[in-house]
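K.L.:
sequence and predicted structure below; questions after.
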Amino acid sequence: MSWTQQEIRELKENRYVLVDEEPCKILSIQTSKPGKHGEAKARLDVIGVFDGQKRSIVHPVTHKVRVPAIDKRKGQVLAVRGDQVQLMDLESYETFELPVGEEWKGKLSSGQEIMYIAAMGKRKLASP
């Protein structure tokens with residue numbers, strides 16, 4: 001299992017939450033006061049870690065949400081081919097390819113060590 005459960009009131013900005021089975025970074029959290037017959041609600045504005053899509057969710061602050069286990073790992077660049085980079089994980093020595101985002105274009109070279117993010121079976125280069 002690559003996630004845990006937390007109540008919305010325990011979450012903080014710049015942490016992660018699962019929305020629509022997609023790991024998302026929390027951009028902002030706004031909470032409302034409890035109503036006459038209800039409990040306080042929280043609105044989370046999030047952005048997908050892997051798809052870059054913005055989403056919003058609204059739930060009571062006691063609602064439990066899933067928090068993904070985000071792994072920040074170090075890899076060594078083996079080769080850069082167009083818009084793909086071949087990396088080797090520096091712990092497991094596993095090799096794999098990842099797409100090169102716009103922010104990395106022209107900044108990667110063989111032998112360089114960089115950080116990448118792994119969560120829910122997906123991988124992505126971390127921002128430079």
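P.N.:
Looks like it arrived, so ask away.

K.L.:
show me where this protein has helices.
P.N.:
Taking DSSP state H as the criterion, the chain contains no helices.

K.L.:
residue furthest from the geometric center of it?
P.N.:
Checked against the mean C-alpha position of the chain, the extreme residue using CA atoms, centre = their mean is K36, at a distance of 36.3 Å.

K.L.:
pLDDT value on it, please?
P.N.:
The model reports K36 with a pLDDT of 81.

K.L.:
excluding its backbone neighbours, what's nearest the most centrally placed residue in the chain?
P.N.:
With distances taken as CA atoms, centre = their mean, the residue of the chain nearest its centroid is V49 (3.7 Å). Sequence neighbours aside, P23 is the residue nearest to V49 in space, at 4.6 Å (criterion: CB to CB, 6 or more residues apart in numbering). In short, each C-beta sits where N, CA and C put it, glycine included.

K.L.:
now do P128
P.N.:
If you skip the residues right next to it in sequence, P128 has E103 as its closest partner in space, 5.8 Å away by CB to CB, 6+ apart.
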